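> what's the 3D shape of this:
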Amino acid sequence: MASVDGQTHPRVEAVHGESASMDDGAEKLDSSTVNRVLMEFLAYFGRAIFVLYPVYLTGYLGLSISWVLLCMLMAAWWKKNRQTKVARIGTAIDFVDNENQLVNKELSSALQMASWVQFPEVEKVDWINKVLQQAWPFFGMYMEKLLKQNIQPAIRLSSPALKMFTFTKVHFGNIPLKITGMKVFTHEVDHRQVILDLDISYEGDADINADVKPPITAGVKGLKFYGTMRVILEPLIEQVPLVGGVTFFFIRRPTLQINWTGMTNLLDSPGFSSLSEETIMDIIASLMVLPNRMCVPLIDQVKVDQMRFPLPRGVVRVHLLEARDLMAMDTYMLGLVKGKSDPYATLRVGNRHFKSKIIKENLHPKWNEVYEFVVHEAPGQELEVELWDDDTDKDDFLGSYRLDLGKVKKELEIEEWFTLEKIQNGEVRLKLQWFSLKSDPSLLRESGDGFACAMLAVYLDNASNLPKDQNEITEQQKHGKQAKESRLTKKKTACPDSFVEISVDKDVKKSKVAYASKDPVWEQGFTFFVHNVKTQQLTVQIKVNEKKTAAPLGVLNVPLSRLLNASDMTLDQRFQLERSGVNSQIKLKATLRILTLEKPPPKIVVKPPPQDKPQKPQTNQGSVAPVSAANTSSSAAPSPDSGPAGHSSPAPSVADNRDGFQTWQSTSSLSNMRRYDSHSLLSDNSIASSRFDLSEGASYPEAIRQHQGSFGEIQLTVRYAGLRNKLIVLVNSCRNIFRFSDSGTDSYVRLYFLPDQSWMHRKKTHVKKKTVNPVFDHKFEFDVSLQEAQNRKLDVSVKNGKMFHSRERKDIGMVMIELSQLDLVKGVTNWYELTLPGLKKSS
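Numbering: from 1, shown residues only. Prediction:
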């Protein structure tokens, strides 16, 4: 057929070429193939007679139907007993194959194991523990001096009721702190720094007593403390001591358990223990949990503000989309009737946490909510997601998941289903995006959907010459210079206990309290999300502690648009306070950064180029169709899946799939493989299934042919058990497969271990009904050596399990896996895109 301009329509020619090649392929089936098909059919027919003949014989002899039922009952009992026995043996074999993983999992859940036992990248550091054991008495002396000389005066100033507070005994016992593991980061860090993660465990016999106010006493006798402390040595310099400073902090809130004595023994009661320990953890978090850090400069040239509060690594935007298959926690009629759950989610990164809306009576909730978190350390910081069932008395736990944000920084964008932990079943779907922080004002793009477009980092340093109270401010305004002389004749008032309230619109944050000082020092950092740089402003107010209604001691307003024109979008200076003393100033550093969405680069998978050695075309086998349905490879001889034109010499071809991956394939390698289309040799209604289909003309269902999107994905785990010399293939689950009805799809998975393709070698899972996200968890084993397994392929197909009386194809999607590309010894778990090669879509 020719077009108006004389050019041939390639689509029409391809259709004719394909139909012609199918006819040629059907005619070239030799006698050996037909004989093999007939033998398979006869074997199937013999099995059917073997099963049905006893039923016919029972009726022919006039025996009671009870004999048939008895035989069926015995057969069912034998099958169930056999399955139980096989399951026990399989469990034992799995334990042998995965002994280390199972033992570590059980021990980690039952005991507080050292991290170096569970993670190979964590090092055992016994030498540090020996040093700590030797130095522990001296550490106790240092802590006694610190508590009595520094902490005790601060406690006395914190409240009038604690003016008599005194430490009477400080003894940190004989059991030292232990470092159970240390991890050193050598990748993704600056070359002028060293990062260490120390897993700290302390189960000590500390004995600390204090007099609060006679006769009230308080004390601690024994405490437990667990956490991961990060130590950063930076900058590395070329002179002694080689390190400019040391920064240490806790990445996550540590765990604390305290045994109280004295009057504080009441805090051990269930109603107060969690409250008291949570209060102490809040104090520790305000000092040493991100974004707060403890810094020790070792040289004068190091800037303390940069060590104590460096700019964050980036911002992660978390889309809480949905969950599925959650546990039903609500019950009725004294637990006899299972109901549903009212799920909600909590998300936490460091000290910042959010709670989602509550979805009533739904085990598959959809939230579609978005949250933003500032990331200070990646890798290191984690996103903690917990799901709860809302109840009137106590909320029920529905599972949790932790994700290291270093993975998001590396991948830039992640969207997938995460299996909930510490619960029987349940998954949560998240989408995470990584935003870099840029100092280029031209990149500013304000979002119309309420998302932040920039981040403001504020380092609050100190203030000077603050007025003692509002009366002093009023007096200075009235009398000017005479105020100084009049103050000499008046009664001396105490210096204020001040804190700072920093806000950007409704986002308000407070600093710690600086007691009894006109020149308070805070040295704290804060971050804010900015939605409109032109209209928003930074507001700073210095307030007096425990006087909520009192007027502030000073106010500062800084429009954020001022930062756009500043050098490096940063203001680092002393600011004159408004509504304060004449010489009252505050020193802070404000830095604005533009949020820039980082897009992940397209992933390219390149296979080795084909060998130059030509191979003879095979007449009894078709060539393998490429992974992409949009592109087909041609072989030397026409085949049912070949294109309209053949090539005499092997040439590589590129197949593009929906995700932008590219796969190199050659006609020489394709000609040696069986057809990728794993359709049944007989009709769709027959049980026998092989790699050939005499009825190639059968079409896909109309819904499949009209579908233009993805056919879904399948998750497989492939590993080799060297102890048993078996290849293990675990069909985990599928997601977002093609939906045949409103209620879902009845699907199962069929598998061939090529080149074995007869119905005897056919493996299949059970049918999962009415779901587009079926979970199979079905394991297949193949007796094969490791060397042979690496030279073979897996042909996997997801099929519709409901098309019993239709000649239309049952395939939902297929994937071909080359085992030579996988690390079978370590094992691989991947999601694979489902495609339908050779799909003829309607024009």
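
> so what sits opposite Phe753 in the bridge?
Leu794 (DSSP bridges).

> next up, the contacts around it.
Taking Cβ atoms under 8 Å, 6 or more residues apart in numbering, we find Phe753 in contact with Leu727, His761, Lys763, Phe782, Val784, Arg792, Leu794. Any C-beta I mention is one placed from the backbone N, CA and C, and that applies to glycine too.

> just the buried ones from the residues you listed?
Applying 16 or more other Cβ atoms under 10 Å to the contacts of Phe753, the neighbour count classes Leu727, Lys763, Phe782, Val784, Arg792, Leu794 as buried.

> in a markdown table: the contacts of Phe753, plus pLDDT.
Shown next, in a markdown table, are the contacts of Phe753 (pLDDT from 0 to 100):
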| residue | pLDDT |
| --- | --- |
| Leu727 | 88 |
| His761 | 75 |
| Lys763 | 86 |
| Phe782 | 87 |
| Val784 | 86 |
| Arg792 | 87 |
| Leu794 | 88 |
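
> make a markdown table out of those residues and add secondary structure.
Shown next, in a markdown table, are those (DSSP: H, G, I helix; E, B strand; the rest coil):
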| residue | secondary structure |
| --- | --- |
| Leu727 | strand |
| His761 | helix |
| Lys763 | strand |
| Phe782 | strand |
| Val784 | coil |
| Arg792 | coil |
| Leu794 | strand |
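
> which single one of those is nearest to Asp305?
Ranked by distance to Asp305 (Cβ to Cβ), the contacts of Phe753 are led by Leu794 at 57.4 Å.

> how much space separates the closest one from Leu751?
7 Å (Cβ to Cβ, to the nearest Å).

> which neighbours do those two share?
Val729.

> center of the protein - which residue?
Per Cα atoms, centre = their mean, the C-alpha nearest to the average position across the chain is that of Leu403, at 3.5 Å.

> local confidence estimate at it?
On the pLDDT scale, Leu403 is placed at 92.

> so in terms of bridging, what pairs with it?
Residues in beta-bridge contact with Leu403 (DSSP bridges): Leu383.

> quick check: it touching Leu383?
Yes. If you go by Cβ atoms under 8 Å, Leu403 and Leu383 touch, sitting 4.7 Å apart.

> now do the shared contacts for the two.
Joint contacts of Leu403 and Leu383 (Cβ under 8 Å, 6+ apart) are Leu432.

> picking that back up, and the residue nearest to the centre of the chain, how far from Asp777?
23 Å.

> shaky segments in the stretch 401-550 of the chain?
Where the stretch 401-550 of the chain drops to pLDDT under 70, the residues are 476-493, 548-549.

> likewise the stretch 101-250 of the chain?
If you take pLDDT under 70 as the line, the stretch 101-250 of the chain has these spans: 101-102, 104-121, 188.

> tell me where it has strands.
Assigned by DSSP state E, counting those that start in this stretch, the strands in the stretch 101-250 of the chain fall at 166-171, 178-185, 194-213, 216-233, 245-250.

> mean neighbour count and distance to Asp746 added to these, as JSON lines?
Formatted as JSON lines, the strands of the stretch 101-250 of the chain follow (neighbours: other Cβ atoms under 10 Å; distance: least, Cβ to Cβ, whole Å):
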{"stretch": "strand 166-171", "mean neighbour count": "14", "distance to Asp746": "70"}
{"stretch": "strand 178-185", "mean neighbour count": "19", "distance to Asp746": "48"}
{"stretch": "strand 194-213", "mean neighbour count": "17", "distance to Asp746": "49"}
{"stretch": "strand 216-233", "mean neighbour count": "17", "distance to Asp746": "47"}
{"stretch": "strand 245-250", "mean neighbour count": "19", "distance to Asp746": "51"}
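
> any chance of those strands in JSON lines, plus distance to Thr392?
Below are the strands of the stretch 101-250 of the chain laid out as JSON lines (distance: least, Cβ to Cβ, whole Å):
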{"stretch": "strand 166-171", "distance to Thr392": "45"}
{"stretch": "strand 178-185", "distance to Thr392": "41"}
{"stretch": "strand 194-213", "distance to Thr392": "38"}
{"stretch": "strand 216-233", "distance to Thr392": "33"}
{"stretch": "strand 245-250", "distance to Thr392": "35"}
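
> and those: which comes nearest Val540?
Comparing the strands of the stretch 101-250 of the chain under Cβ to Cβ, the one sitting nearest is strand 245-250, at 24.9 Å.

> what's the helix or strand just after that closest one packed up against?
Going down the chain from strand 245-250, the next helix or strand is strand 255-262, by DSSP states H and E. Packed against strand 255-262 by the contact rule (3 or more Cβ pairs under 8 Å, 6 or more residues apart in numbering; DSSP states H and E) you find strand 216-233, helix 270-288.

> what comes up buried for strand 255-262?
With burial defined by 16+ other Cβ under 10 Å, the residues of strand 255-262 counted as buried are Leu256, Ile258, Asn259, Trp260, Thr261, Gly262.

> would you mind writing the CA trace of the strand or helix carrying Leu460 as PDB?
Assigned by DSSP H and E, Leu460 belongs to strand 454-464. C-alpha atoms of strand 454-464 as PDB (Å, rounded to 0.1, in the frame of the first residue of the first chain):
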ATOM      1  CA  ALA A 454      13.000  28.600  50.400                       C
ATOM      2  CA  MET A 455      14.500  27.800  53.700                       C
ATOM      3  CA  LEU A 456      15.700  30.300  56.300                       C
ATOM      4  CA  ALA A 457      18.400  29.300  58.800                       C
ATOM      5  CA  VAL A 458      18.900  31.600  61.800                       C
ATOM      6  CA  TYR A 459      21.800  31.300  64.300                       C
ATOM      7  CA  LEU A 460      21.000  33.200  67.500                       C
ATOM      8  CA  ASP A 461      24.300  34.100  69.200                       C
ATOM      9  CA  ASN A 462      23.900  36.700  72.000                       C
ATOM     10  CA  ALA A 463      22.500  40.100  73.100                       C
ATOM     11  CA  SER A 464      24.100  43.000  74.900                       C
END
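
> elements contacting the strand or helix carrying Gly406?
Assigned by DSSP H and E, Gly406 falls within helix 405-411. On a contact count with 3+ Cβ pairs under 8 Å, 6+ apart, helix 405-411 meets strand 314-324, strand 382-389, strand 427-438.

> let me have those in JSON lines, extended by distance to Phe740 and mean neighbour count.
Converted to JSON lines, the helices and strands packed on helix 405-411 look like this (distance: least, Cβ to Cβ, whole Å; neighbours: other Cβ atoms under 10 Å):
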{"stretch": "strand 314-324", "distance to Phe740": "19", "mean neighbour count": "21"}
{"stretch": "strand 382-389", "distance to Phe740": "30", "mean neighbour count": "21"}
{"stretch": "strand 427-438", "distance to Phe740": "22", "mean neighbour count": "20"}
